[in-house]
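Asker: This is a predicted model, with the sequence first.
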Amino acid sequence: MTRHLAQDLQQAAEAEGGGPEAPSLLSRQTARLAPAWMDRNLWLLWWARLAMSAARAVAGVVTSLYLADLGLSSLELAGVFMAIALSSAVLSTATGLMSDRVGKKPFLIAFPLIAAGAALVFATTTNIAALVLAASAGSFGRGGGAGAGAVGPYQPAESAMATASVAPRWRNAAFGRLAFASGLGALGGGLLASLARATHGRAHAALSAYRPAFLAAALASVLAGLLAVFIQEKRSLIPKGASRRPSWPTRSWPLLLRLWVTNTINGAAVGMFGPFVSYWFYRRFGVGPGEIGQLFAVVNLVTLPSVLSAAGLARRYGLIRALVVVRLVQAVLLIPMVLAGQFLAAGAIFAIRMMIQRVGMPLRQSYVLGMAHPEERASVAALSNVPSQLAMGASPLLTGWLFSISLAIPFEIAGGLQALSAVAYWLFFRTSAPEEEREAPGRD
């Protein structure tokens with residue numbers, strides 16, 4: 001698959017709106033980066049995703065290190081991550097169910113501002129109870145600084161709005177561009193994390209050492225919320241007089257049931273290593289937020305082309321096949337990463353793994369939204385991840401306990417679980433092609 005990456009990038013202009021008549025390389029590249037199908041709402045979502053990903057990346061790098069420097073053990077950190085994951089599950093579910101009925105824009109404004117408030121709490125206090133409450137409310141500090149995918153509990157609303165703004169044939173490319181924005185934002189966030197300094201257990205010095213990074217996360221979150229103000233949402237298609245109360249997505253039930261199985265397995269895997277990536281580098285190699293932030297910035301830089309190749313790979317191999325291969329490779333690469341003996345070697349393997357992961361991220365989101373009923377997209381996007389988020393909330397406890405035995409075992413178990421989820425995904429969805437592949441089965 002990887003040998004076609006350069007070819008797919010070269011052909012992206014023609015495949016995504018440039019057309020064979022594009023007169024020059026410059027015009028083809030312009031069409032590839034700013035195609036005609038990108039409307040005003042998609043551009044606003046793009047810039048908001050960039051800003052919010054920067055904030056999430058900063059938090060992903062420094063939050064666990066800050067809490068560790070305040071004296072929390074690995075098991076106590078796991079408890080914090082569990083609280084954040086469970087709170088995020090509740091908030092994202094409510095967002096998905098309600099935004100299909102009352103609109104998506106309010107959630108795109110409110111949640112970034114809540115995340116900004118959480119960052120300000122982290123910048124002003126060392127009280128553990130206050131920090132846990134703030135992190136739970138804002139889904140703050142969840143995931144790694146190189147993750148660059150999640151923007152918080154409002155993602156179901158964002159994904160549904162993006163899907164409604166583009167024709168099915170451009171959906172994979174649209175999600176690829178949002179993922180590209182995530183990568184750019186996370187790159188900047190990784191560099192902003194260098195504003196923090198590790199205090200290595202000196203709790204009295206931690207607040208001032210980490211405050212600049214948390215303030216940067218707050219500013220980026222506020223920017224994301226302000227950008228969403230200018231989104232123009234179409235009036236709801238709900239018939240006049242019909243109830244606007246949240247309802248169960250009954251028309252998408254078969255899809256939802258299969259996603260629950262695969263996402264639960266994958267969620268357990270991600271929960272075992274995702275929140276601990278920064279902490280693992282910190283414990284394994286003794287590096288601080290500066291070195292980790294710089295590594296994540298490099299990772300996000302070298303992985304940017306991956307998301308732009310996602311749509312081309314889906315056209316060439318089929319979306320489901322591409323997703324399964326990507327997840328299997330991700331699973332395998334966890335093993336050599338945790339067995340590496342040097343920080344640079346582990347970082348290089350991590351970068352390769354993230355290049356592969358970035359291909360699958362927009363395709364997975366695109367597939368779920370494309371297969372869901374149009375009036376249930378946000379609900380399906382949210383509910384499909386509930387079991388995953390619950391598993392992600394529980395599995396960090398196992399990692400926190402296993403870290404007292406070995407720093408490698410939790411990640412090795414996670415790799416096995418992720419491989420199992422890839423197999424399940426193939427068994428469940430190999431005969432369920434998305435709309436664009438059913439309409440044009442021979443199209444490259």
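Answerer: Looks like it came in fine.
Asker: what helix or strand does Ala348 sit in?
Answerer: Element membership for Ala348 (DSSP states H and E) is helix 343-371.
Asker: Any buried residues in the helix or strand following that helix, and which?
Answerer: Using DSSP H and E, the helix or strand that follows helix 343-371 in sequence is helix 377-383. By neighbour count on 16 or more other CB atoms under 10 Å, the buried set for helix 377-383 is 377-383. Where you see a C-beta, it was placed from the backbone N, CA and C, and this is true even at glycine.
Asker: Quick one: mean pLDDT for helix 377-383?
Answerer: Throughout helix 377-383, pLDDT has a mean value of 82.
Asker: same deal with stretch 157-176?
Answerer: pLDDT averaged over stretch 157-176 gives 85.
Asker: Test my guess that Gly96 contacts Ala157.
Answerer: Yes - counting by CB atoms under 8 Å, Ala157 is a contact partner of Gly96 at 7.2 Å.
Asker: just checking, what packs against the strand or helix carrying Met392?
Answerer: Using DSSP H and E, Met392 falls within helix 386-402. If you count contacts as 3 or more CB pairs under 8 Å, 6 or more residues apart in numbering; DSSP states H and E, helix 386-402 packs onto helix 74-102, helix 253-273, helix 409-429.
Asker: which one of those helices lies closest to Gly400?
Answerer: helix 74-102 (3.0 Å; CB to CB).
Asker: Okay, buried residues for the closest one please.
Answerer: So, applying 16+ other CB under 10 Å, buried residues of helix 74-102: 74, 76-78, 80-82, 84-89, 91-93, 95-101.
Asker: what is the mean pLDDT for it?
Answerer: pLDDT averaged over helix 74-102 gives 84.
Asker: Now do that helix: distance to the chain's middle.
Answerer: 14 Å (CA atoms, centre = their mean, to the nearest Å).
Asker: again with stretch 408-428
Answerer: The answer for stretch 408-428 is 18 Å, by CA atoms, centre = their mean.
Asker: in that stretch, what counts as buried?
Answerer: Buried-residue list, stretch 408-428, by 16+ other CB under 10 Å: 408, 410-415, 417-422, 424-426, 428.
Asker: could you dump it to CSV, C-alpha only?
Answerer: Extracted in CSV, the C-alpha atoms of stretch 408-428 (Å, rounded to 0.1, in the frame of the first residue of the first chain):
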residue,chain,number,x,y,z
ALA,A,408,6.1,-2.6,28.1
ILE,A,409,3.4,-5.1,29.0
PRO,A,410,0.4,-2.7,28.8
PHE,A,411,1.4,-1.6,25.3
GLU,A,412,2.0,-5.1,24.2
ILE,A,413,-1.5,-6.2,25.4
ALA,A,414,-3.0,-3.1,23.6
GLY,A,415,-1.3,-4.1,20.4
GLY,A,416,-3.0,-7.5,20.6
LEU,A,417,-6.4,-6.0,21.2
GLN,A,418,-6.0,-3.6,18.4
ALA,A,419,-5.2,-6.4,16.0
LEU,A,420,-8.3,-8.3,17.2
SER,A,421,-10.4,-5.2,16.5
ALA,A,422,-9.0,-5.1,12.9
VAL,A,423,-10.1,-8.7,12.3
ALA,A,424,-13.5,-8.0,13.7
TYR,A,425,-13.9,-4.9,11.5
TRP,A,426,-13.1,-7.0,8.4
LEU,A,427,-15.6,-9.7,9.4
PHE,A,428,-18.4,-7.2,10.0
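Asker: what does it contact?
Answerer: 258, 261-263, 265-266, 268-270, 272-273, 276, 280, 320, 323-324, 327-328, 330-335, 337-339, 398-399, 402-403 (CB atoms under 8 Å, 6 or more residues apart in numbering).
Asker: Now list the buried members of the residues you listed.
Answerer: 258, 262-263, 265-266, 268-270, 272-273, 276, 280, 320, 323-324, 327-328, 330-331, 333-334, 337-338, 398-399, 402-403.
Asker: Is Gln234 in contact with Ala160, as I believe?
Answerer: Quick fix: residue 234 is Lys, not Gln. No - between Lys234 and Ala160 there is no contact under CB under 8 Å: 11.6 Å.
Asker: I figured Thr77 hits Asp69, correct?
Answerer: Small correction: residue 77 is Leu, not Thr. No - with contact defined as CB under 8 Å, Leu77 does not reach Asp69; the gap is 11.4 Å.
Asker: Pull up the overlap in contacts between those two.
Answerer: Counting by CB under 8 Å, 6+ apart, nothing touches both Leu77 and Asp69.
Asker: ok, back up a step: Lys234 and Ala160 - which one has more neighbours?
Answerer: Ala160 (26 against 11; other CB atoms under 10 Å).
Asker: so where's the protein uncertain?
Answerer: 1-34, 142-150, 200-201, 235-247, 438-444 (pLDDT under 70).
Asker: Would you map the helices across the stretch 51-200 of the chain?
Answerer: 74-102, 105-124, 128-138, 155-164, 171-192 (DSSP state H, counting those that start in this stretch).
Asker: Tabulate those helices in TSV, adding columns for distance to Gly286.
Answerer: Converted to TSV, the helices of the stretch 51-200 of the chain look like this (distance: least, CB to CB, whole Å):
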stretch	distance to Gly286
helix 74-102	15
helix 105-124	24
helix 128-138	24
helix 155-164	34
helix 171-192	19
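Asker: if we compare these, which one ends up closest to Phe214?
Answerer: helix 105-124 (3.9 Å).
Asker: Quick check: Tyr66 touching Tyr210?
Answerer: Yes - taking CB under 8 Å as the definition, Tyr66 is a contact partner of Tyr210 at 4.7 Å.
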